[in-house]
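**Q** Build me a structure from this.
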Amino acid sequence: MPVSYAQKPLLGKLTLTSQLSAETGLHIGGGGENLDIGGLDKPVIRDPLTKYPYLPGSSIKGKLRSTLERLLNKPLNRTGGSGTWRYESDDLKDGFTEVEAGRFIAYEGANTCQISRLFGSTGGSKFWMPIETAREEGLYEENKNNPTSTIQNQNCIRINRGRNAPARLIIRDCHLIPESAEKLKQVDTGLYMTEWKFENGIDRVTAAANPRQLERVPAGSKFQFELVYTVENKDQAIEDLQNIAIALAILEDDALGGHGSRGYGKVRFQNFQFSYRSLAQYRQITSTPPGTSGLQPLETIPNTQVLLDNFGNLREYIEQRLLPGD
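**A** The predicted structure is shown next:
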């Protein structure tokens, strides 16, 4: 059976929850619909039902991905629009992205790439793959009339379209914890649960002022953070989770959201809790006695530094539960 038609394995799901605290004012834009005189230039994103500010999972996931791309020194092989570049695997197997005529950048296939297996990848178009690999993967026949070339001493053929790789990592939207929401309701700034931040751009030649008003989630706001990691390969799970832990620690030393270089978006993660549910446990859910979830929790980890310092305990916890046959 060709690899492209093979079902992806599922060994279990590992859930990590934490409390995400804003150490400084934080802005993730919601794209204001109205341009009122004297109003906000950049409002924050809010829940349409409660009107509470929240942190989109997509923003956190994008930040973690870009952080790991830099950490792992991944090449920039895919355009992201508006003149930006990023990294992505063009296929499940290794090959070469043609970023411009005659210029090739090697990418790692999504089956082994530490970025693409975590965050997913969409198949590239008109990339190159070693001919032998294309034959093994069942991609040669449909592309056999395409040009061939020698790239980095390998005989390659151009592939019209690569295969997608679904992400193993899910990051939920982060909503305010109830205690924090109640405190923010008492904030007296003229805005509901947020604050104004007035800034001024000064023309270097004329000294003319260009004032702007941004909305921020105030420092001290606390959100519920949750991510879910799908275990598909027990040999890769430890490495993937270690990369996630490192990325979370780097995020604390960086910034989340916009305007980080001007002091916005310093965050901190506290009270990590891990739980794992194997495939066998999912199958037994209907027979589980009331009041028991089948989840196997790990002792709470207070912060990212302890998480990194004691990653060996997490490794042991995972290895004990990723049993053969699960």
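**Q** would you say residue 20 is within a helix?
**A** No. Per DSSP: H, G, I helix; E, B strand; the rest coil, residue 20 lies outside any helix segment and is strand.
**Q** residues near it, how many?
**A** As a burial measure, residue 20 scores 23 neighbours (other C-beta atoms under 10 Å). For every residue, glycine as well, the C-beta is placed using N, CA and C.
**Q** what residues are up against it?
**A** Applying C-beta atoms under 8 Å, 6 or more residues apart in numbering, we find residue 20 in contact with 55, 174, 222, 223, 224, 225, 267, 268, 269.
**Q** and residue 115, backbone torsions?
**A** The phi and psi values for residue 115, taken as degrees, to the nearest 10, are phi -80, psi -50.
**Q** measure it to residue 61 for me?
**A** With the distance defined as C-beta to C-beta, to the nearest Å, residue 115 ends up 12 Å from residue 61.
**Q** Residue 311 now?
**A** Taken as C-beta to C-beta, the span from residue 311 to residue 61 is 21 Å.
**Q** and the residue lying closest to residue 66 once chain neighbours are set aside, how far is that from residue 54?
**A** Spatial nearest neighbour of residue 66, chain neighbours left out: residue 86 (7.5 Å); criterion: C-beta to C-beta, 6 or more residues apart in numbering. Separation of residue 86 from residue 54 (C-beta to C-beta) stands at 25 Å.
**Q** the more surrounded of those two?
**A** residue 54 (19 against 16).
**Q** Just to check, the more buried one is in contact with residue 48?
**A** No. Residue 54 lies out of contact with residue 48 (C-beta atoms under 8 Å); the separation is 10.4 Å.
**Q** ok so, going back, residue 311 and residue 61 - which one has more neighbours?
**A** Between residue 311 and residue 61, counted using other C-beta under 10 Å, the more crowded position is residue 61 (19 against 16).
**Q** Next, the contact list for the more buried one, please.
**A** Residue 61 neighbours (C-beta under 8 Å, 6+ apart): 119, 169, 171.
**Q** before we move on, back to that, got TSV for the contacts of residue 20, with secondary structure too?
**A** Converted to TSV, these look like this (three-state DSSP):
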residue	secondary structure
55	strand
174	strand
222	strand
223	strand
224	strand
225	strand
267	strand
268	strand
269	strand
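**Q** longest single helix anywhere in the protein?
**A** helix 234-252 (DSSP state H).
**Q** Any buried residues in the host helix or strand of residue 96, and which?
**A** In this assignment (DSSP states H and E), residue 96 forms part of strand 95-100. Of all the residues in strand 95-100, those buried under the rule 16 or more other C-beta atoms under 10 Å are 95, 96, 97, 98, 99.
**Q** So which residues make contact with stretch 106-119?
**A** Residues beyond stretch 106-119 that count as contacts (C-beta under 8 Å, 6+ apart) turn out to be 61, 64-65, 68-69, 72, 74-75, 77, 87-97, 120-121, 124, 127, 152, 163, 165, 167-169, 232, 236, 239-240, 243-244.
**Q** Narrow those residues to those that are buried.
**A** 61, 64-65, 68-69, 74, 77, 87-97, 120-121, 124, 127, 163, 165, 167-169, 232, 236, 240, 243-244.
**Q** Tell me which entries of these lie within strands.
**A** Within these, residues falling in strands by DSSP state E are 95, 96, 97, 127, 169.
**Q** how about the strands of the stretch 201-326 of the chain, start to end?
**A** 209-216, 222-231, 267-278, 296-297, 301-303 (DSSP state E, counting those that start in this stretch).
**Q** and of those strands, who's closest to residue 178?
**A** Nearest to residue 178 among the strands of the stretch 201-326 of the chain is strand 222-231 (9.5 Å), distances taken as C-beta to C-beta.
**Q** what's next to the closest one, contact-wise?
**A** Contacts of strand 222-231 (C-beta under 8 Å, 6+ apart): 10-22, 54-55, 60, 168-172, 174-177, 179-180, 237, 240-241, 244, 269, 276, 322.
**Q** from those, which would you call buried?
**A** Applying 16+ other C-beta under 10 Å to the contacts of strand 222-231 flags 11-22, 54-55, 60, 168-169, 171-172, 174-177, 180, 237, 240-241, 244, 269, 276, 322 as buried.
**Q** The helix or strand residue 156 falls within: which residues count as buried?
**A** Per DSSP H and E, residue 156 falls inside strand 154-161. For strand 154-161, burial by neighbour count (16+ other C-beta under 10 Å) applies to 154, 156, 157, 158, 159.
**Q** circling back to that earlier point, so which elements touch the longest helix of the chain?
**A** Packing partners of helix 234-252 (3 or more C-beta pairs under 8 Å, 6 or more residues apart in numbering; DSSP states H and E): strand 12-22, helix 57-71, helix 116-119, strand 222-231, strand 267-278, helix 304-309, helix 311-321.
**Q** about what we covered before: tell me the gap between the strand holding residue 96 and the middle of its chain.
**A** Its chain's average C-alpha position is 24 Å from that of strand 95-100, according to C-alpha atoms, centre = their mean, to the nearest Å.
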